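Trainee: Need the 3D shape of this:
(one chain, ligands or ions: 3)
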Amino acid sequence: TEPAVSNFIRSIINEDNRTGKWQGRVETRFPPEPNGYLHIGHAKSICLNFGIAQEYNGICHLRFDDTNPAKEAQEYVDAICDNVLWLGFDWGKHLYYSSDYFEQLYSFAEYLINQGKAYVDSQLADEIREQRGTLTNPGQNSPYRERSTAENLDLFRRMKAGEFAEGTHVLRAKIDMESPNINMRDPVIYRIRYVHHQRTGDKWCIYPMYDYTHCISDALENITHSLCTLEFEDHRPLYDWVLDQLQQKIPCHPQQIEFARLNLTFTVMSKRKLIELVECKLVDGWDDPRLSTLAGVRRRGYTARSIHMFTERIGVSKADSWIDMGVLEDCLREDLNESAPRRIAILKPLKLIIDNYPEEQEEDCFAPNHPQKPEWGKRTVPFSKIVYVEQDDFMEQPVKGYFRLAPGEEVRLRYAYIVKCIQVDKNAQGEIEAIHCTYDPDTKSGTDGSAKRKIKGNIHWLSAKHAKKAEVRLYDRLFTDPYPDIGGKDYKTSLNPDSKKIIYAYVEPILFNADPEQCFQFERNGYFIADRIDSKSGKPVFNRAVTLRDSWGK
Ligand code: ATP
Ligand code: MG
Ligand code: MG
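Mentor: Ligands and ions are numbered 1, 2, ... in the order given. Below you'll find the model as predicted:
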């Protein structure tokens, strides 16, 4: 059966299954280079590759493309594994490293030399670059292009043996310096690098290039559909050329299929820029909740399910486009609206004293854990003479259409009583210190009396003597510019100065036992998560994941 929502990749697979091209087999891979943390763009690729494999009862490999040891580290490998698991995918036994193929890649290179399809070039990188030509000018052949097979083999072996300095020789594929596709103008496939590799140590001092390694790794792993982003479209002829030369040596010739990468507004995603943000301490590390890294969005409060919803919603296409950050935020709202229990927190407290409520009296109010899920039950919220409400829920001189509290006006304290404001206390500077109200004892929520009085304003509150203080981190978008790094702009000039605010809010007593990573809707305030690192039972820390509505720029 074919999946309901279709896209061009599924169409290709359906057609392959119809013709029996792969005998019904679907095998994909997610191939990160372990040179940084994954971001939300990678999540698109992960969900696509693992998702397609799941849909077709296939297999998806996790392959670390680790051929550039200078920039790679085990720390990144571990973080990437963690991210993929968090998204709910499992590679099972299909964990691979391109470096596992170094021997085979090397022997295939000797084979290409023997076939007259590769040669050692002894020019400097700059000379090679200059001879490559441009889109409008063909390239020129290297003076070393016609070396004999024996000489090429000898030099290549000596490159491997460590006889030459870095940059003195490279191995190049012998294709066509006049090809209209610059990638086909005798691309370099091996270079000398005296760098320790995190897995192979100092065994190698020559390392294969991406374009040569990737297609062969795909083939050796029996990948059927090799999904990659559009910038590799121009590399596909090279992918196919290498595999065509090695036809006798490899088990299959996978099909490279390109899709549009994710571009998301109000963020940057290139690894270089993410590294810069972290190293210049413009954010608090790789998992800063404002970053687009998967570690960051997780800490921010994004759920794996919301990321899946997002990748489904944006779909897969062949054309580059920009996705608005609001689309991602809406997915989280939708998920948490359904899955997050409701709680009360007062972010900017204003003291409200109920003059006619007895000093020592306390009573229980009952608040539903989820308004649409009665089966989740209610919890007790204690009520007493002094409560905190939000400063924003009071206006001394109310504007037109303001239905919350104002002098002489009435409002319902949600789950409790209707109160009327009768007095405002100010300090010597004229700042409001407290407001006084009277309450109507016949209007308690859930009683017959409550139904008799209709009141427009309905505000949340917490009993002052029961509420507890907790650290709350109010995060917002990291950039004020929707396209912070487009058109040569320096993204560092559009950092949002208000992207992180730490406050101490009053919260319901039961929030003190929140588990790390538990998500809540703080009524009327947004969705919050107990920070997975800093929040402890008895000393909770909450991060605002997203506001209730898209209020950006309003
Ligand atoms: P960057 O360009 O940020 O350094 P990268 O593309 O070099 O990232 P890789 O580790 O090579 O990062 O990427 C692993 C896989 O994720 C590749 O198949 C790549 O095409 C895919 N990928 C990377 N960025 C995006 C994106 N923005 N949208 C969709 N897929 C992406
Ligand atoms: Mg890469
Ligand atoms: Mg890249």
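Trainee: contacts for the host helix or strand of E110?
Mentor: Using DSSP states H and E, E110 sits within helix 102-114. The contact list for helix 102-114, computed with C-beta atoms under 8 Å, 6 or more residues apart in numbering, reads 118-119, 149, 152-153, 156, 160, 171, 173, 189-190, 200, 203-204, 206, 208, 212-213, 216, 220, 245-246, 249. (Glycine included, C-beta is placed from N, CA and C.)
Trainee: how many neighbours does K71 have?
Mentor: Neighbour count of K71, defined by other C-beta atoms under 10 Å: 14.
Trainee: What does it show for phi and psi?
Mentor: Phi and psi for K71, reported as degrees, to the nearest 10, are phi -110, psi 0.
Trainee: From A428, how far off is the closest residue to it other than its chain neighbours?
Mentor: Nearest residue to K71 in three dimensions, chain neighbours excluded: N35, at 4.1 Å (C-beta to C-beta, 6 or more residues apart in numbering). Distance, N35 to A428, by C-beta to C-beta, to the nearest Å: 60 Å.
Trainee: okay, these two: which has more neighbours?
Mentor: Using other C-beta under 10 Å as the criterion, N35 and A428 rank with N35 on top: 17 against 5.
Trainee: Over to that one. Which of the three states is it?
Mentor: Secondary structure state of N35, per DSSP: H, G, I helix; E, B strand; the rest coil, is coil.
Trainee: which residues does the residue of the chain found nearest ligand 1 contact?
Mentor: Proximity of the chain to ligand 1 (C-beta to the nearest ligand atom) peaks at G41, 2.2 Å away. G41 sits next to R261, L262, N263, L264, M269, S292 when contact means C-beta under 8 Å, 6+ apart.
Trainee: quick one: which of those sit in strands?
Mentor: Residues of those located in strands (DSSP state E): L262, N263, L264.
Trainee: ok, the first one to Q423 distance?
Mentor: Counting by C-beta to C-beta, the gap between L262 and Q423 amounts to 55 Å.
Trainee: Quick check on these two: which one has the bigger neighbour count.
Mentor: L262 (24 against 12).
Trainee: partners of that one in the sheet?
Mentor: Applying DSSP bridges to L262 gives these bridge partners: S321.
Trainee: Now do the helices in the chain.
Mentor: Taking DSSP state H as the test, the helices found in the chain are 8-19, 40-55, 74-86, 102-114, 125-131, 149-161, 210-220, 236-245, 271-279, 294-300, 304-314, 325-339, 448-452.
Trainee: Just give the closest residue to P441, not the sequence neighbours.
Mentor: Here the residue nearest P441, using C-beta to C-beta, 6+ apart, is Y417, at 7.0 Å.
Trainee: Which pLDDT value goes with the one you found?
Mentor: Looking at Y417, its pLDDT is 97.
Trainee: With the one 3 residues further on instead?
Mentor: According to the per-residue confidence, K420 scores 97 in pLDDT.
Trainee: what does D211 give?
Mentor: 98.
Trainee: show me what contacts it?
Mentor: N183, P187, I189, H235, L238, Y239, V242.
Trainee: ok, the residue lying closest to the third one once chain neighbours are set aside to M269 distance?
Mentor: Closest residue in space to I189, ignoring its immediate chain neighbours: Y212 at 4.0 Å, by C-beta to C-beta, 6+ apart. With distances defined as C-beta to C-beta, the gap from Y212 to M269 amounts to 26 Å.
Trainee: More neighbours: those two, which one.
Mentor: Legend: neighbour count by other C-beta under 10 Å for Y212 and M269, higher for Y212 (24 against 18).
Trainee: quick one: contacts for that one?
Mentor: Y212 neighbours (C-beta under 8 Å, 6+ apart): L105, A109, A173, P187, I189, Y190, V242.
Trainee: The third one contacts W241, correct?
Mentor: Yes - A173 lies in contact with W241 (C-beta atoms under 8 Å); the separation is 7.3 Å.
Trainee: These two: which has the busier surroundings?
Mentor: Set side by side, A173 and W241 show more neighbours around A173, with 24 against 19, by other C-beta under 10 Å.
Trainee: can you pull the buried residues of the helix or strand bottoming out on mean pLDDT in the chain?
Mentor: Every helix and strand in the chain was compared by mean pLDDT, DSSP states H and E; the lowest is helix 448-452, with a mean of 80. For helix 448-452, burial by neighbour count (16 or more other C-beta atoms under 10 Å) applies to S450.
Trainee: Residues contacting that helix, please?
Mentor: By C-beta under 8 Å, 6+ apart, helix 448-452 touches D442, T443, K444.
Trainee: so which of the contacts of D211 are also by ligand 1?
Mentor: Among these, no residue is within reach of ligand 1 (C-beta under 6 Å from any ligand atom).
Trainee: Those, buried ones only, as a ChimeraX selection?
Mentor: Selection of the buried residues among the contacts of D211 in ChimeraX, burial being defined by 16+ other C-beta under 10 Å:
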select :183,187,189,235,238,239,242
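Trainee: Closest one to R549 out of the contacts of D211, please.
Mentor: Nearest to R549 out of the contacts of D211 is H235 (C-beta to C-beta; 43.5 Å).
Trainee: Could you report the pLDDT at that closest one?
Mentor: 98.
Trainee: Do I have it right that it meets N183?
Mentor: Yes - if you go by C-beta under 8 Å, H235 and N183 touch, sitting 5.3 Å apart.
Trainee: Now do stretch 121-135: distance from first to last residue.
Mentor: Taking C-alpha to C-alpha, to the nearest Å, stretch 121-135 runs 23 Å from one end to the other.
Trainee: Apart from its chain neighbours, what residue comes closest to D287?
Mentor: Nearest non-adjacent residue to D287 (C-beta to C-beta, 6+ apart): A295, at 3.8 Å.
Trainee: who touches that neighbour in this structure?
Mentor: A295 touches Y37, L38, A79, D82, N83, W286, D287, counting by C-beta under 8 Å, 6+ apart.
Trainee: near ligand 1 too, which of those residues?
Mentor: Near ligand 1, judged by C-beta under 6 Å from any ligand atom, there are no entries from those.
Trainee: need the residues you listed in a markdown table with pLDDT, can you?
Mentor: Formatted as a markdown table, the contacts of A295 follow (pLDDT from 0 to 100):
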| residue | pLDDT |
| --- | --- |
| Y37 | 95 |
| L38 | 97 |
| A79 | 96 |
| D82 | 98 |
| N83 | 98 |
| W286 | 95 |
| D287 | 96 |
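Trainee: Serialize these to a markdown table and add fields for neighbour count.
Mentor: What follows is the contacts of A295, written out as a markdown table (neighbours: other C-beta atoms under 10 Å):
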| residue | neighbour count |
| --- | --- |
| Y37 | 25 |
| L38 | 25 |
| A79 | 20 |
| D82 | 14 |
| N83 | 23 |
| W286 | 20 |
| D287 | 20 |
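Trainee: Could you list the residues of the stretch 1-150 of the chain in contact with ligand 1?
Mentor: Counting by C-beta under 6 Å from any ligand atom, the residues of the stretch 1-150 of the chain near ligand 1 are P31, P32, E33, G41, H42, K44, S45.
Trainee: Rebuild those residues as CSV, extending it with pLDDT.
Mentor: Shown next, in CSV, are these (pLDDT from 0 to 100):
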residue, pLDDT
P31, 98
P32, 97
E33, 96
G41, 97
H42, 98
K44, 97
S45, 98
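Trainee: Now that we have the residues you listed, which of them are buried?
Mentor: For those, buried by 16+ other C-beta under 10 Å: P31, P32, E33, G41, H42, K44, S45.
Trainee: Of those residues, which pair is most distant in space?
Mentor: Farthest-apart pair in those is E33 and K44; separation 16.4 Å (C-beta to C-beta).
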